[in-house]
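Undergrad: give me the fold of what follows.
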Amino acid sequence: MSNGEWVEDEWEGTLAEGLARRADLDPSDIELFKNVEGRSDLEVAIDELVEALGGAVEYTEPTAGGAETHLIVSRVHLRLREAAWKLVEQAAGLAVALAVLNPGGLVNALQLVRTVIDAATILSPAERDAVRLIMENQRSGHPTSRHALDPGVDVDSLIAKGVVIDGENGLSVSA
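TA: Okay, here's the model as predicted:
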């Protein structure tokens, strides 16, 4: 398998927990993470890291996330290029470990993920915003045209990176 090929996996739970398990984080730390207040912020940051690297996360069968009802606990389906998989896995594992390290650990974990996003992203902030808009429109069944995106976004570049497809029904995210 080449580094440019797509890799997919899915599991029950949350994005951070599943990736931390795959990064061989101690199961007791993963259990402690389930009780970290504000952990949904880290889930969102890891989701943004996946998006920044051109991947996608899909959630199905959502259920309440305990005290944080807005936290998605469900079946997670992750699709990412092979070259980025280990990076996301390890970043999530380190972030979860930092989050349970001490009371301020969540702040450090968020900073870590934001730093990885900045260092490893293949998409500019404007491109990430465009991909988010396309994904939101896809979920709601609305087509997205090239003209709906910020004029600074190079759609052809997104297509060349394999992130976006320009089809009959407008733009869609390939993952």
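Undergrad: next secondary structure after whichever strand or helix holds residue 86?
TA: Per DSSP states H and E, residue 86 falls inside helix 82-101. Helices and strands here follow DSSP H and E; after helix 82-101, the next one along the chain is helix 105-120.
Undergrad: now the helices for this protein?
TA: 15-22, 27-33, 39-52, 82-101, 105-120, 125-140, 155-160 (DSSP state H).
Undergrad: tell me the angle the fifth one makes with helix 125-140.
TA: Just to be clear, that refers to helix 105-120. 110 degrees (axes from the mean of the first three to the mean of the last three CA atoms, to 10 degrees).
Undergrad: quickly list what residue 79 is bridged to.
TA: Note on residue 79: beta-bridge partners residue 8, residue 56, judged by DSSP bridges.
Undergrad: hang on, the earlier thing: which of the helices of the chain has the lowest mean pLDDT?
TA: Note on these: lowest mean pLDDT is at helix 125-140, with a mean of 86.
Undergrad: how about that helix: buried residues?
TA: 127-128, 130-131, 133-135, 137-138 (16 or more other CB atoms under 10 Å). Every C-beta, even on glycine, is put in place using the N, C-alpha and C of the backbone.
Undergrad: that one - contacts with which helices or strands?
TA: helix 39-52, helix 155-160, strand 164-167, strand 170-173 (3 or more CB pairs under 8 Å, 6 or more residues apart in numbering; DSSP states H and E).
Undergrad: of these, which stretch is the most buried?
TA: With neighbours taken as mean count of other CB atoms under 10 Å, the helices and strands packed on helix 125-140 reach their highest mean count in helix 39-52, at a mean of 22.
Undergrad: about what we covered before: the helices and strands packed on helix 125-140: which one's closest to residue 113?
TA: Closest to residue 113 of those is helix 39-52 (CB to CB; 4.1 Å).
Undergrad: next, the angle helix 125-140 makes with that closest one.
TA: 100 degrees.
Undergrad: just checking, what packs against helix 39-52?
TA: Short answer (3+ CB pairs under 8 Å, 6+ apart): helix 39-52 packs on helix 15-22, strand 56-63, helix 82-101, helix 105-120, helix 125-140.
Undergrad: just to revisit the earlier point, and for the helix holding residue 86, what are the contacting residues?
TA: 1-7, 15-17, 19-20, 22-25, 29-30, 32-33, 36, 39, 42, 45-46, 49-50, 53-55, 80, 105-106, 108-110, 112-113, 116, 120 (CB atoms under 8 Å, 6 or more residues apart in numbering).
Undergrad: just want the most central residue of the chain.
TA: residue 47 (2.1 Å; CA atoms, centre = their mean).
Undergrad: surely that one and residue 16 touch.
TA: No - using CB atoms under 8 Å, residue 47 is not in contact with residue 16, being 9.1 Å away.
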